[in-house]
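*Asks:* no sequence for this one, just the structure:
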């Protein structure tokens, strides 16, 4: 049996809705978009985008009203991503929120997607 690890993130409902719309346009759901990000984090061995929070998108980062998102991922990916986030002085939940803000800000995936498959 393939074990999965859970990642729970509380996000602003507006951020969730806007990410869902963007991921839908890209042909994926939010779960797939987050898993793509986590896999890219492990391949890049760092956060694959610049950490920014501009004034115009701070409202999406607000925790006044939140909804919960739960993702099931490979335990090794969760561990590696948690370690990378900790090395940056952050927790994984915050890193996922920052990624979601970047998705909305860039209106798409905020980094070049690379594959770990052998050609």
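*Replies:* That came through, no problem. On a predicted model such as this, the values are computed, not experimentally measured, just so you know. Residues are numbered from 1 along each chain as shown.

*Asks:* Residue 7 - that's part of a strand, no?
*Replies:* Yes. Counting by DSSP: H, G, I helix; E, B strand; the rest coil, residue 7 is part of a strand.

*Asks:* Please report how far the most centrally placed residue in the chain lies from residue 21.
*Replies:* Of all residues in the chain, the one closest to the mean position by Cα atoms, centre = their mean is residue 96, 3.5 Å from it. As judged by Cβ to Cβ, to the nearest Å, residue 96 and residue 21 stand 18 Å apart. All C-beta spots, glycine's among them, are computed from the backbone N, C-alpha and C.

*Asks:* What pLDDT is listed against residue 58?
*Replies:* Note for residue 58: predicted pLDDT of 62.

*Asks:* How about residue 26?
*Replies:* On pLDDT, residue 26 comes in at 95.

*Asks:* doesn't residue 109 make contact with it?
*Replies:* Yes. Counting by Cβ atoms under 8 Å, residue 109 is a contact partner of residue 26 at 7.0 Å.

*Asks:* Tell me where this structure has helices.
*Replies:* 13-25, 30-44, 75-87, 92-106 (DSSP state H).

*Asks:* tell me, how many neighbours does residue 34 end up with?
*Replies:* Residue 34 has 22 neighbours, counted by other Cβ atoms under 10 Å.

*Asks:* circling back: who touches both of residue 26 and residue 109?
*Replies:* Listed as contacting both residue 26 and residue 109 by Cβ atoms under 8 Å, 6 or more residues apart in numbering are residue 33.
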